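> sharing a model that was predicted from the sequence below.
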Amino acid sequence: LPLHLAAMNRASLAVVQALLTAYPEAAKRKDDNWRLPLHYAIEHQASEAVVEAILAAYPKAVEAQDHDSMHLLHWAAQGKASAAVVKLLLTAYPEAVKKKDASSRLPLHYAAKQSASVAVVEALLAAYPEAAKKKDADQRLPLHCGAVAGYCESVARRVPSGRQGEGHGDEDTAALCCCW
């Protein structure tokens, strides 16, 4: 659909508004990957204004999942969306920060893996501090995901290890893996 293409190509707010005016139902239409135009807007780092416009046309989009059970907040964390867009999504659907995808990954796992900005990581942690202690299906904490992706130094500053007490264990492995 044209709105999907506009979102993929980072169209201006004026173009997106014109498409929504011509066919408001486009905001509700999923493609073959179960993705809405808002998924593509977020994936391709659309402006906050464009995300707001599409979200206003279909507020329930914020709860939608794609074929991998990823919510929009996963896409925002993975696609390096701005902190403003992440906060907009958190406001629209606060529970999204606790939603796991098909691999049991939270949005924080994706933010760590993609070396998201400090502001994005802080927003996710502020909304769900326990996320730092949640493991995915591979038994990786968000810190591990960042370390595996090669972002050890930056992730170690952004995502707490989830370690409690004095013991050293799996949680420390991620911080050490880049040191050898």
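Sure, I can see it. Please read these numbers as outputs of a predicted model, since none were measured by experiment. Residues are numbered from 1 along each chain as shown.

> what about the helices in the protein?
Taking DSSP state H as the test, the helices found in the chain are 2-8, 13-22, 37-43, 48-57, 72-78, 83-92, 107-113, 118-127, 142-148, 152-158, 170-177.

> the second one: which residues count as buried?
Of the residues in helix 13-22, those scored as buried under the neighbour-count criterion (16 or more other C-beta atoms under 10 Å) are V16, Q17, L19, L20. Using the backbone N, CA and C atoms, a C-beta is placed for each residue, glycine as well.

> in those, find the pair that's most separated.
By the measure C-beta to C-beta, Q17 and L19 form the most distant pair in these, at 7.4 Å.

> rewinding a little: how about the buried residues of helix 13-22 in JSON lines, adding pLDDT and distance to M70?
What follows is these, written out as JSON lines (pLDDT from 0 to 100; distance: C-beta to C-beta, whole Å):
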{"residue": "V16", "pLDDT": "98", "distance to M70": "22"}
{"residue": "Q17", "pLDDT": "98", "distance to M70": "27"}
{"residue": "L19", "pLDDT": "98", "distance to M70": "24"}
{"residue": "L20", "pLDDT": "98", "distance to M70": "24"}
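
> tell me which of these is nearest to L1?
Distances from L1 to these, taken by C-beta to C-beta, are shortest for L19, at 8.7 Å.

> quick one: low-confidence residue ranges for the protein.
Within the chain, the ranges that satisfy pLDDT under 70 run 144-180.

> let's go with 50 and repeat that
The model of the chain has pLDDT under 50 over residues 149, 154, 164-180.

> V16 and A22, how far apart?
As for V16, its distance to A22 is 11 Å (criterion: C-beta to C-beta, to the nearest Å).

> could you count how many residues lie near V85?
25 (other C-beta atoms under 10 Å).

> correct me, but it touches V50?
No. Using C-beta atoms under 8 Å, V85 makes no contact with V50, being 9.3 Å away.

> residues near the residue nearest to L13 when sequence neighbours are not counted, how many?
Leaving aside its sequence neighbours, L13 sits nearest to A49 (C-beta to C-beta, 6 or more residues apart in numbering; 4.8 Å). A49 has 13 neighbouring residues, counting by other C-beta under 10 Å.

> what separation do you get for A49 and W34?
Distance, A49 to W34, by C-beta to C-beta: 25 Å.

> one more: L90?
22 Å.

> of these two, which one has the most company?
L90 (21 against 14).

> against D101, how distant is the nearest residue to that one once chain neighbours are set aside?
Among residues not flanking L90 along the chain, A127 sits closest, at 5.2 Å (C-beta to C-beta, 6+ apart). Distance of A127 to D101, computed by C-beta to C-beta: 17 Å.
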